[in-house]
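Asks: pasting the sequence and the predicted model now:
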Amino acid sequence: MDLNDILIIAVKAKGSDVHIKAGLQPVVRIDGRLRPIPNAPRMSADAIREMAYSMMNEKQQIHFEEFFEVDLAYGIPGLSRFRVSAYSQRGSVAMVFRIIAFGVPSFENLNMPPILEKLSLEERGLILVTGTTGSGKSTTLAAMIDYINENRTCNIITVEDPVEYLHKDKKSIISQREIGFDTLTFGNALKSALRQDPDVILVGEMRDLETIETALTAAETGHLVMSTLHTLDAAETINRIISVFPPYHQRQVRMQLS
C-alpha cells in the first residue's frame, strides 16, 4: 500500500485528517474519531521516510533535516489536495495530512452569513478570522478571496504556509506565495508585498511581531489585509495582538486597532 492508496481511502471515507507513524497502521479521523484503515499494514520507519522525502523539494528537505519538521502541500490529480505536516518523533519520520477538497468553497457552500460578502468588498482595513485548530479559518479566508476575485478588479497577494487552496485569476490577479518555496518568512513576504501594488493581502497566520506590525501598517495605508489568529473571541484577539508588542509601543497599537 503506497501513499496515494492510503490517501484515496481516506478521502473516499470522508476523513478530515490522516496520521502516518512508524509501527502503526495509517489512521484516519472520521467525524472527529481516529480510526485505523482496515487491513492496512503497519508502516515501517524507512517506508514513511521515503514517502515524506518523495513529496519534498530540495529546500524542504534541507529545512526538515535542520529543524526536524516541515509543512508542505501535496496533491493527487482529480482527487484532493493535502496540507502536510512532517515531523520527527523518537528518531523516525511521522506525518499528518489535512484533506483539502479541490476547488474553493463558496459562501453558500459553507452556509456563511451575508455580512461576509460586505466585508470581502471593503477596500481597506484588517479582517481577522479566529478560532481553534480545524475550525475552518483557512477555508473561510479562501472563500472570501474567491468572492473578491469574482467581484472586484484588483491585485491580490497571498502568503501561506503552505498554499492550501489554489486560486485562478478571474476578475482579479492573484499571486500565491508559499513560505520556504517562494519566500523565506511571513514578515519578508509582507514587506515585499507592499512594493507589489497590492489591493488585498492575505497572510496565512500572524505569528510574530514583524508580521503583525507590517500587517497593521498595510491596513492603515489603504490595503485590505486578511489573516488568522488562534483566539476564541474579539477581546482575546485584541489582547493577543497588543501583547506581542513591547509596553512602550502598546498604546500606539491600541490606537491603530481602534
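Replies: Yep, it's here.
Asks: any idea which element residue 54 lies in?
Replies: In the assignment (DSSP states H and E), residue 54 maps to helix 45-55.
Asks: now the lengthiest helix in the chain - C-alpha only, CSV.
Replies: Identified as the longest helix of the chain according to DSSP state H is helix 137-151. Extracted in CSV, the C-alpha atoms of helix 137-151 (Å, rounded to 0.1, in the frame of the first residue of the first chain):
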residue,chain,number,x,y,z
LYS,A,137,-10.2,29.6,9.4
SER,A,138,-8.3,28.9,6.2
THR,A,139,-11.4,27.7,4.4
THR,A,140,-13.3,30.9,5.3
LEU,A,141,-10.5,33.1,4.1
ALA,A,142,-10.3,31.1,0.9
ALA,A,143,-14.0,31.7,0.3
MET,A,144,-13.5,35.4,0.9
ILE,A,145,-10.6,35.6,-1.5
ASP,A,146,-12.6,33.8,-4.1
TYR,A,147,-15.6,36.2,-3.6
ILE,A,148,-13.2,39.2,-4.1
ASN,A,149,-11.8,37.5,-7.2
GLU,A,150,-15.2,37.2,-8.7
ASN,A,151,-16.5,40.7,-7.9
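Asks: so what does it touch, helix or strand wise?
Replies: helix 107-110, helix 115-120, strand 125-130, strand 155-160, strand 200-203, strand 224-229 (3 or more Cβ pairs under 8 Å, 6 or more residues apart in numbering; DSSP states H and E). The way it works is simple: take the backbone N, C-alpha and C, and place the C-beta from them, glycine included.
Asks: again, 6 Å this time
Replies: helix 115-120, strand 125-130 (3 or more Cβ pairs under 6 Å, 6 or more residues apart in numbering; DSSP states H and E).
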